[in-house]
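Colleague: Sequence first, then the predicted structure, then my questions.
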Amino acid sequence: MMHVGAQNLITDVDGILVGNAQCQQLKSGVSVLSADAPFIAGVSVMGGAPGTRETDCLQPENLVDQVDALVLSGGSAFGLDAASGVADALARQNKGYQVGSVSVPIVPAAILFDLLNGGDKQWPSNPYKALGEQAFNHLTKEFALGSVGAGTGATTATLKGGLGSASIVLPNGYTVGALVAVNPHGSAVVDDGPNFWAAPYEVGNEYGGLGVASPSNSLAMPVSHKRAAFEAKSNTTIAIVATDAVLTKAQAKRFAVAAHDGMARALYPSHTLLDGDLVFGVSTARKALASDIPDLLVLGHAASLCLARAIARGVFHATEHNGDILPCWRSQHLASN
């Protein structure tokens, strides 16, 4: 029987570490996932407006087999520079893909758009490189959820978004976890809330225990309270799913593809033309697959469940800060429930 990992975080996967850095004045931040050794990674993009760095190297037909870190960042295209800060920190440790006497850190990254969320974006120079290095320097097994890291300035259609995570331990002993920065064009809650679209997959009361609610009109698009000036531009949910099972690069990509089902279950709508929805798939390769196809099916299903739960947890844990343009779930619904 499946059960939640010890911390209910992606770091329940053996070897995984996560670091976060943020600036509340900026209303943005960076999340970095790394491990105690280089790891296999794949990627699947299903949104229409992605922003990425070094994702081509993750395609199964390409040379590099392992990466040193993954970056999720706010800041739109500016946020891609967060990976440079991580690469610099890795280089100082002489870590990376070895080419002769040179080590080249491999740090794929994905970004979300949070430039018009009420934060001060009039920086004299791009702050994301420093935030990336800061996040890398704070890698840990335990970390907060909500308005931290890449989820600091995230928004949904009606509420603040946030950084979410969840884990599952499978009956065959594999662990699966998800990390996500929730910033969709769509909504994480049914109608005006408080019930989450991901309610059927909740474990215990990890995002309020409110149960399932039926939408008033299942064919209706959710009403967006984002400012009209940036409503169609301030989107993208970016995620990482990880497992300790041994996967090839091709299998890691398929693992990421399956996880997108969780995004579709938790966000209404998802994978739109206005979102750059993306999932990285990660293997720390600690436990061999007993049987390829059956195990891969279960791992993909678990990844989708973890991602749906992580999305709801990110919104559930978001907190209020000065200058917010949208309320957080807790201020809207926690007191009344």
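Modeller: That came in fine, so what should we check first? Residues are numbered from 1 along each chain as shown.
Colleague: For the rest of this, base every contact and every neighbour count on C-alpha atoms.
Modeller: Fine.
Colleague: quick one, what contacts residue 324?
Modeller: Shown in contact with residue 324 (CA atoms under 8 Å, 6 or more residues apart in numbering): 117-118.
Colleague: hang on, it in a strand?
Modeller: No: using DSSP: H, G, I helix; E, B strand; the rest coil, the assignment for residue 324 is coil, not a strand.
Colleague: show me what contacts residue 216?
Modeller: Applying CA under 8 Å, 6+ apart to residue 216 gives the contacts residue 191.
Colleague: For it, pull up the helix or strand it's in.
Modeller: Secondary structure assignment for residue 216, by DSSP states H and E: no helix or strand.
Colleague: Look up how far residue 263 lies from it.
Modeller: 21 Å (CA to CA, to the nearest Å).
Colleague: show me the biggest helix of the protein in terms of residues.
Modeller: The longest helix of the chain (DSSP state H) is helix 292-316.
Colleague: helices and strands around that one, which ones?
Modeller: strand 162-169, strand 175-182, strand 238-245, helix 249-266 (3 or more CA pairs under 8 Å, 6 or more residues apart in numbering; DSSP states H and E).
Colleague: and it, how far out from the chain's middle?
Modeller: 12 Å (CA atoms, centre = their mean, to the nearest Å).
Colleague: Show me which positions of it end up buried.
Modeller: Judged by neighbour count using 16 or more other CA atoms under 10 Å, the buried positions of helix 292-316 are 296, 299-316.
Colleague: helix or strand right after that helix?
Modeller: helix 329.
Colleague: contact partners of that following helix?
Modeller: So helix 329 is contacted by 159-160, 194, 315-318 (CA under 8 Å, 6+ apart).
Colleague: What subset of these is buried?
Modeller: 159-160, 194, 315-318.
Colleague: picking that back up, I'd like the average pLDDT over the longest helix of the chain.
Modeller: The pLDDT scores in helix 292-316 average 96.
Colleague: tilt between that helix and strand 238-245?
Modeller: 140 degrees (axes from the mean of the first three to the mean of the last three CA atoms, to 10 degrees).
Colleague: between helix 292-316 and strand 175-182, how many degrees?
Modeller: Taking the same axes, to 10 degrees, helix 292-316 and strand 175-182 form an angle of 40 degrees between their directions.
Colleague: Can you spell out which residues form a bridge with the nearest residue to residue 131 once chain neighbours are set aside?
Modeller: Using CA to CA, 6 or more residues apart in numbering and skipping the chain neighbours, the partner closest in space to residue 131 is residue 21 (5.7 Å). Each beta-bridge partner of residue 21 is listed here: residue 30, as defined by DSSP bridges.
Colleague: Pull the number of nearby residues for residue 21.
Modeller: By other CA atoms under 10 Å, 24 other residues sit near residue 21.
Colleague: How about residue 123?
Modeller: For residue 123, the neighbour count with other CA under 10 Å is 8.
Colleague: Give me the pLDDT for the residue nearest to the spatial centre of the chain.
Modeller: Nearest residue to the geometric centre of the chain (CA atoms, centre = their mean): residue 180, 1.9 Å. What the model reports as pLDDT for residue 180 is 98.
Colleague: That one and residue 167: what is the separation?
Modeller: The value you get for residue 180 to residue 167, if CA to CA is used, is 12 Å.
Colleague: And for residue 150?
Modeller: 19 Å.
Colleague: Counting neighbours, go ahead and name the busier of the two.
Modeller: Per other CA under 10 Å, whichever of residue 150 and residue 167 has more neighbours is residue 150, with 34 against 31.
Colleague: who's in contact with that one?
Modeller: 20-22, 28-31, 72-74, 162-163, 181.
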